[in-house]
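1. missing the sequence, but the structure's below:
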């Protein structure tokens, strides 16, 4: 892609997210979401391949549906209450419609079916943008909406953690596994959103760090399915040593960073007199942990049947910058001892 066009599209992504994040009017927020969607579509379709075109079409139709629902709900709220302000949503019907529209944009269960299929049709770089940056604008809007009924967010959160764990069990494609991982992590954030918004932001930041490190690792190894992980040791031994730690961090095991938000979320749910919700969320995390362990097993304890690729260094050294990968990998594995400082900083 022409670098000037690429710079323009990335500026459009930044502009759309910034407009949505800084607006207090529903019309401006909707405009920011539309700019965001239109900016990423050429990036998704840059590979002229039927799967990429199919994924782009599915993404466009899904986002257009969610944006139309959001605009209709905000107009309905203005008609019923005379208010366009995001923080002054008082009527339960348009509020529920907007929450469901944003859940569709984020890919939360049961409105998740488009996300694995779309992510499977993209390259790893665009998939990284879709899994991280594209979640920010709808999530910021969800944080600002006053929720009249806490049951809706808890149901969406629990169903997302369950589907995110259950759906990834029988997958062999890494991009689909990461899509279900994204659904599960967003479910954890939704569970705690109405009780501790700062804790939701902490979970979002750690999710962004872990997902960025995982996508960049797979991109460095040019891995798209589980079988190709078996040859990663001959390509990048040090990176292959670190990758299981990243995957276990995504699963939420101590002493990695991913344990911190899940631990604090379970603690907060217990404080809010929701012990059953905490138990169900903890049990659904075991489902996600299973397919992360499958990836660790394929990467560390199996060898490729191709003896040449499995025994000798056959690839030229990579010329791409490793700064973002190394920084995100270190943050995704080593931040747990700093939990007291981080919680004090975020007033948790």
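-> Perfect, thanks for sending it. What you see is a predicted model, and the numbers here were worked out from it, not measured in a lab.
2. alpha carbons only for contacts and neighbour counts from here, please
-> Noted.
3. where in this structure is pLDDT low?
-> For the chain, the stretches with pLDDT under 70 are 148, 304-320, 348.
4. mind listing the helices for the stretch 151-300 of the chain?
-> Remark: helices assigned in the stretch 151-300 of the chain by DSSP state H, counting those that start in this stretch are 174-192, 197-221, 232-235, 237-251, 259-271, 275-300.
5. who's in contact with the fifth one?
-> Contacts made with helix 259-271 from outside it, assessed by Cα atoms under 8 Å, 6 or more residues apart in numbering, are listed as 188, 192, 195-196, 199, 202-203, 206, 249, 251-253, 275, 277-278, 282, 336, 339.
6. right, so the helices of the stretch 151-300 of the chain: which one is the most enclosed?
-> helix 174-192 (a mean of 26; mean count of other Cα atoms under 10 Å).
7. Who are the packing partners of that one?
-> helix 114-120, helix 124-131, helix 150-167, helix 197-221, helix 259-271, helix 275-300 (3 or more Cα pairs under 8 Å, 6 or more residues apart in numbering; DSSP states H and E).
8. Show me what the first one is packed against.
-> To tie it back to what came earlier, the one meant is helix 114-120. helix 50-81, helix 174-192.
9. The third one too?
-> Helix 150-167 sits against helix 174-192, helix 275-300, with contacts defined as 3+ Cα pairs under 8 Å, 6+ apart.
10. what about that helix, distance to the chain center?
-> 14 Å (Cα atoms, centre = their mean, to the nearest Å).
11. buried sites along that helix?
-> 153-167 (16 or more other Cα atoms under 10 Å).
12. What are the structural domain limits within the chain?
-> 1-147, 149-348 (automatic domain parsing).
13. Could you give the number of residues near residue 170?
-> Residues near residue 170, counting by other Cα atoms under 10 Å, number 9.
14. pretty sure residue 94 contacts residue 80?
-> No. Between residue 94 and residue 80 there is no contact under Cα atoms under 8 Å: 9.1 Å.
15. between the two, which one's more packed in?
-> residue 94 (21 against 13).
16. To which secondary structure element is that one assigned?
-> Assigned by DSSP states H and E, residue 94 belongs to helix 92-106.
17. cool, and residue 112?
-> Applying DSSP H and E, one finds residue 112 in no helix or strand.
18. and it, how many residues sit next to it?
-> Neighbour tally, residue 112, other Cα under 10 Å: 20.
19. Now for it: which residues touch it?
-> Residue 112 neighbours (Cα under 8 Å, 6+ apart): 104, 106, 183.
20. Just the closest of those to residue 114, please.
-> Nearest to residue 114, judged by Cα to Cα, of the contacts of residue 112 is residue 104 at 9.0 Å.
21. What does the residue lying closest to that closest one once chain neighbours are set aside show for phi and psi?
-> Closest residue to residue 104 apart from its sequence neighbours, by Cα to Cα, 6 or more residues apart in numbering: residue 111 at 5.2 Å. Here is the backbone geometry of residue 111 (degrees, to the nearest 10): phi -100, psi 40.
22. Kindly provide the distance from residue 111 to residue 36.
-> Using Cα to Cα, to the nearest Å, we find residue 111 at a distance of 20 Å from residue 36.
23. Among those two, which residue is more densely surrounded?
-> residue 36 (26 against 18).
24. what sits against that one?
-> So residue 36 contacts 12, 13, 14, 15, 16, 17, 134 (Cα under 8 Å, 6+ apart).
25. mind running it again at 7 Å?
-> 12, 13, 16, 17 (Cα atoms under 7 Å, 6 or more residues apart in numbering).
26. Sort out which one of those lies nearest residue 99 for me.
-> residue 17 (18.0 Å).
27. Just confirm the closest one contacts residue 137, I think it does.
-> Yes. Counting by Cα atoms under 7 Å, residue 137 is a contact partner of residue 17 at 5.2 Å.
28. Quickly list what's touching both of the two.
-> Contacts common to residue 17 and residue 137, judged by Cα under 7 Å, 6+ apart, are residue 33.
29. Which one's more surrounded, those two?
-> residue 17 (26 against 23).
30. roughly how far apart are that one and residue 39?
-> 11 Å.
31. same thing with residue 333?
-> Taking Cα to Cα, one finds residue 333 at 32 Å from residue 39.
32. got a markdown table for the helices and strands packed on helix 150-167, with distance to residue 326 too?
-> Output for the helices and strands packed on helix 150-167, formatted as a markdown table (distance: least, Cα to Cα, whole Å):
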| stretch | distance to residue 326 |
| --- | --- |
| helix 174-192 | 20 |
| helix 275-300 | 19 |
